[in-house]
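> Prediction below, plus the sequence it came from.
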Amino acid sequence: MKIRTIEEINNKIKDGEATVLTAEEVSKLVREGNKPKAEDVDVITTGTCGIMSGTAAIFHVPVAEPGAFKKAKSVLLNGVPGFPGPCPNEWLGSVDMIVYGTSHSIHGNRYGGGFLFKDIVSGKDIEVEVESTNGEKIKSTVNIEDIGTAQMIGTRLAFKNYNSFVNPTDKPVSSIFNAIDLEGPFKGFTFSGCGELNPLQNDPIMKTICAGSKVLLNGAEGYVIGRGTRSSDEKPNMMITADMKDMDTHYLGGFKTGAGPEVFDSVAAAIPVLDDEILKETFIQNKDIKLPVTDIRGRHNVLGFTDYDDVWGGADERPVYHPERCLNCDVCIVRERCPTGAYSDTLNTRRCFGCGMCAYSCPNAAFTMESGSVQFEIKDRSIELPIVCRQSDIKRARELVAELTKRIENGEFILNEC
């Protein structure tokens, strides 16, 4: 039975009277035996942060004076390839292009689209190199103030549920699913997903988070276009777009993996509590969310199952750096492996992703972090593995959820009807 309408909820938001709970607050109440009632809650806020490979950006970038060249054949932004078009942009001196968050710089395998996007949003100067169809080479420098359009589109973001990965072989495997080559056999465990906080875990059939819904993408108000690529009833995800000029650099960036740089994003969505059925879906708890354990050589090969309570229960959000233990090694393995470049003599806690790679890697225990371990059954035997890399950041997810909650409570975020 319908309790209220979107319009009624929006009126309460505008009047500063809406009752908002985060998905984690709802799950905590349920664990304590205090299930909330639909008539007492107006909005549930949800969110996630992690590697989201389906991220791209559409740019309109000025390069030279009009008439300087006919049109672009190729373009590089800080060495990261863009794809000119689809408009020909003849004689305009500017280029429309699309850049993939997973593209790698031609200058090396440590910089790519995700790092570029963060640099653009932060206002840094970006080196542009264009080769025209006539063979001319034009170089210029731009920043976000110069770029006419900077629109991000996520083609498949915020899956309801993810896979986790192990290496059952005796040879290291290079993959996007770990910050470094994953050792085996069964030496470590890597995973993604924010469990009970994740948007579509709380709205699995996309009843309220659907085409036209307003969300936060990296801190900017954006919209759900519809279901993303590879979306299925079992594993739905969203296609989302937002203006990069409104984004917060804290919520997006590059993430180096064993197979090269990737991109991470943060998404937060609001669930309007229109009836009891919608609210009950948000009662989900980490212990109830299965996490398939798969072979890192192919996610189709499921070896066993764990759950999100195992991977997040009791885990630290961030490592602790102990500089007195640092022996200033000739080659710092932490500096080499840190996926976001958060460590260089000191630990930049804001840039840190909380992946756990530093604590796993440092031979001198200069970094400590409770990353936890998982236990699962495979072929009639029990296996316990340390969590060596988290490709989702629960801290950033919680921060963006808190931001969305604040905006709703302050009357600054009005919900859309699907």
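Noted; the coordinates are in hand.
> what about the longest helix in the protein?
Looking across the chain with DSSP state H, the single longest helix is helix 394-409.
> List the buried residues in that one.
Neighbour counts over helix 394-409 (16 or more other C-beta atoms under 10 Å) mark 394, 396-401, 403-405, 407-409 as buried. The way it works is simple: take the backbone N, C-alpha and C, and place the C-beta from them, glycine included.
> can you give me the helices for the stretch 301-418 of the chain?
Ranges of helices within the stretch 301-418 of the chain are 308-312, 333-337, 357-361, 394-409, based on DSSP state H, counting those that start in this stretch.
> Contacts for the longest one next, please.
In this case it means helix 394-409. 13, 16, 18, 20, 22-24, 43, 45-49, 194, 197, 216, 219, 250-251, 266-270, 312, 315, 317-318, 353-354, 413 (C-beta atoms under 8 Å, 6 or more residues apart in numbering).
> Just the ones of the residues you listed in helices?
Ile13, Ala23, Glu24, Trp312.
> Now do the same contact list for the spatially closest residue to the second one that is not a sequence neighbour.
By that I understand Ala23. Distance criterion C-beta to C-beta, 6 or more residues apart in numbering; nearest residue to Ala23, sequence neighbours excluded, is Thr46 at 4.6 Å. Neighbouring residues of Thr46 by C-beta under 8 Å, 6+ apart: 22-23, 197-199, 201-203, 209, 268-271, 401.
> What of Thr149?
By C-beta under 8 Å, 6+ apart, the neighbours of Thr149 are Ile58, Phe59, His60, Asp96.
> Partner strands of the lengthiest strand in the chain, with direction?
Longest strand in the chain by number of residues, with DSSP state E as the criterion: strand 260-272. Paired strands of strand 260-272, with direction, are strand 43-51 (antiparallel), strand 214-217 (antiparallel), strand 253-257 (antiparallel) (DSSP bridges).
> Helix or strand next in line after that strand, which one?
Downstream of strand 260-272, the next assigned helix or strand under DSSP states H and E is helix 276-281.
> Need the residues that contact that following helix.
1, 3, 26, 36-38, 41, 44, 202-204, 207-208, 271-273.
> Those residues in strands, which ones?
The strands, defined by DSSP E, take in Ile44, Ile271, Pro272 from the contacts of helix 276-281.
> By neighbours, which of the contacts of Thr46 wins?
Pro199 (34 neighbours; other C-beta atoms under 10 Å).
> before we move on, back to that, JSON lines for the ones in helices among the contacts of helix 394-409, including distance to Glu234 and pLDDT?
Compiled in JSON lines, the ones in helices among the contacts of helix 394-409 are given as follows (distance: C-beta to C-beta, whole Å; pLDDT from 0 to 100):
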{"residue": "Ile13", "distance to Glu234": "33", "pLDDT": "98"}
{"residue": "Ala23", "distance to Glu234": "20", "pLDDT": "98"}
{"residue": "Glu24", "distance to Glu234": "24", "pLDDT": "98"}
{"residue": "Trp312", "distance to Glu234": "22", "pLDDT": "96"}
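> Going by neighbour count, which of those residues comes out on top?
Within the ones in helices among the contacts of helix 394-409, Ala23 tops the neighbour count with 26 neighbours, counted by other C-beta under 10 Å.
> Let me know whether Val166 touches Asn301 as I believe.
No: using C-beta atoms under 8 Å, Val166 is not in contact with Asn301, being 10.4 Å away.
> what residues do the two have in common as contacts?
Thr294, Asp295.
> More neighbours: which of the two?
Val166 (28 against 13).
> burial count for Met1?
By other C-beta under 10 Å, neighbour count at Met1 equals 6.
> Tell me the pLDDT of it.
At Met1, the pLDDT value in this model is 71.
> now it: how far from Pro185?
Here Met1 is placed at a distance of 54 Å from Pro185 (C-beta to C-beta, to the nearest Å).
> My read is that Cys355 contacts Ile387, right?
No: assessed by C-beta under 8 Å, Cys355 is found out of contact with Ile387, at 9.8 Å.
> Between those two, which is the more surrounded one?
Cys355 (28 against 22).
> can you count the residues close to the closest residue in space to Asn202 that isn't next to it in sequence?
Leaving aside its sequence neighbours, Asn202 sits nearest to Thr282 (C-beta to C-beta, 6+ apart; 4.5 Å). Counted by other C-beta under 10 Å, the residues lying close to Thr282 total 23.
> what does the model give Thr282 for pLDDT?
98.
> Repeat that for the one 3 residues further on.
With respect to pLDDT, Gln285 has a value of 97.
> now the residue nearest to Asn10 when sequence neighbours are not counted: how far from Leu216?
Spatial nearest neighbour of Asn10, excluding adjacent residues (C-beta to C-beta, 6+ apart): Ile414 at 5.3 Å. Distance, Ile414 to Leu216, using C-beta to C-beta: 13 Å.
> And those two? Which one has more around it.
Between Ile414 and Leu216, counted using other C-beta under 10 Å, the more crowded position is Leu216 (27 against 16).
> For that one, which non-adjacent residue is spatially closest?
In space, Leu216 is closest to Ala268, 4.2 Å off (C-beta to C-beta, 6+ apart).
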